[in-house]
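Trainee: A structural model of the following input is requested.
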Amino acid sequence: MHILLAVVVSHGGSPHLSGLLSTLAGLAGCRVALVENQPGHSHHDAPDGVRVYQGHGNIGYGTAVNLAVRHTLDEPEQVRRPDWVLVVNSDVTIPDDTREMLPKLLAQAPADVDVLGFGVCTDDGGPGRSTAVLPNRRTSAFTAVRGEAAAIARWPALRYPVGAFFAIRTDMFLRIGGFDPTFWLYYEETDLFARLLAAGGRIGWCDGAWPVCHTGGATAGRATELQRELGRAAVPYARRHRGSTGRGWLLVHAAQLVVLVARKLVTGRWPDATRGVQILVGMLQGTLWPGWEPAVRSRWHAVPAPTRRRLAALDAGPGPGAGSASLG
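Mentor: Modelled structure (predicted):
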């Protein structure tokens, strides 16, 4: 009986992928799914018991998780839903202590906790970025002045895990419709947790006691297309969550980025300043041409949004414990 579905999302693999898959496959009651988003990249040497989904193209991170959940629930031998979905980036490594405690942490989670967030460390063992605060006019303005850590401390009720590693109860994941395929890259987990909290969900934290190591991090890096994608993704997020972000949040966010760019210029951090400018350009593109998906024709070969929805949309279902999810 599988009580946990671990979904590992990859784009071309990573040096740690084989070890990560083996670690997850060795967990009692854990079923492992690997979703490969890079066109033409195949995994023929996955550990025994790991289900591999590939050949669908670059559908993005959140949609890839939906795809694995959808396939799992569709299989005849799946007699009951896994209790939890563990979302894992392919460049995460799980220390031995965390691996040993993970099933216990999930089994002992309070019944009213729908998500478990974990601490994240970097290659050198230092603290990584494991959490953020949901954006709105106040939190974004405050972050621009005081920084993200201060905003998280001031609004703990709006704190949520970043997407590299977290666990969510399957019933809640299906109840809120999983990830929204509208978001190819960026804001997908922000959107997910905004909907979860709006539905009355609760997020619990393991924090630094049982961390994982994330050797990737900044997805955008120096790629201009992805930096602009980060800005574009803010536009549908603002449109969908206008009630919680507040009218005019995009303008506040743009001002936040302008402040960031100015600080980087003053300190001579030109690459960071350029990244901020590209994010602003993406926001402008998303506002002027909301249906345009330049990533589809870029070197990243993103799958268009209508196809992503057809492949892996999970319609919001009935409350937890009810019957099967509606698969769009």
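
Trainee: In PDB, list the C-alpha atoms belonging to the lengthiest strand in the chain.
Mentor: Taking DSSP state E as the criterion, the chain has its longest strand at strand 203-214. Below are the C-alpha coordinates for strand 203-214, written out as PDB (Å, rounded to 0.1, in the frame of the first residue of the first chain):
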ATOM      1  CA  ILE A 203       0.700  24.800   6.400                       C
ATOM      2  CA  GLY A 204       2.900  23.200   9.000                       C
ATOM      3  CA  TRP A 205       6.700  23.400   9.200                       C
ATOM      4  CA  CYS A 206       9.600  21.200  10.000                       C
ATOM      5  CA  ASP A 207      11.900  24.100   9.500                       C
ATOM      6  CA  GLY A 208      15.600  23.500  10.100                       C
ATOM      7  CA  ALA A 209      15.300  20.300  12.100                       C
ATOM      8  CA  TRP A 210      15.000  18.000   9.100                       C
ATOM      9  CA  PRO A 211      16.300  19.900   6.100                       C
ATOM     10  CA  VAL A 212      17.000  18.900   2.500                       C
ATOM     11  CA  CYS A 213      19.800  20.300   0.300                       C
ATOM     12  CA  HIS A 214      19.000  22.100  -2.900                       C
END
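
Trainee: Show me what it is in contact with.
Mentor: 89, 91-95, 97-98, 101-102, 105, 109-110, 113-123, 127-128, 130-131, 159-161, 164-165, 193, 196-197 (CB atoms under 8 Å, 6 or more residues apart in numbering). Backbone N, C-alpha and C define where each C-beta goes, glycine included.

Trainee: Out of these, which sit inside strands?
Mentor: Among the contacts of strand 203-214, the members falling in strands (DSSP E) are 89, 92-93, 115-121, 131, 159-161, 165.

Trainee: Would you check the distance separating the helix or strand just after the longest strand of the chain from the middle of the chain?
Mentor: Next helix or strand after strand 203-214 toward the C-terminus (DSSP states H and E): helix 224-240. Here helix 224-240 is found 14 Å from its chain centre; the criterion is CA atoms, centre = their mean, to the nearest Å.

Trainee: And for stretch 260-272?
Mentor: Distance, stretch centre to chain centre, for stretch 260-272: 27 Å (CA atoms, centre = their mean).

Trainee: What residues of it count as buried?
Mentor: Buried residues in stretch 260-272, counted by 16 or more other CB atoms under 10 Å: 260-261, 264.

Trainee: Stretch 68-82 too?
Mentor: So, applying 16+ other CB under 10 Å, buried residues of stretch 68-82: 68-73, 81-82.
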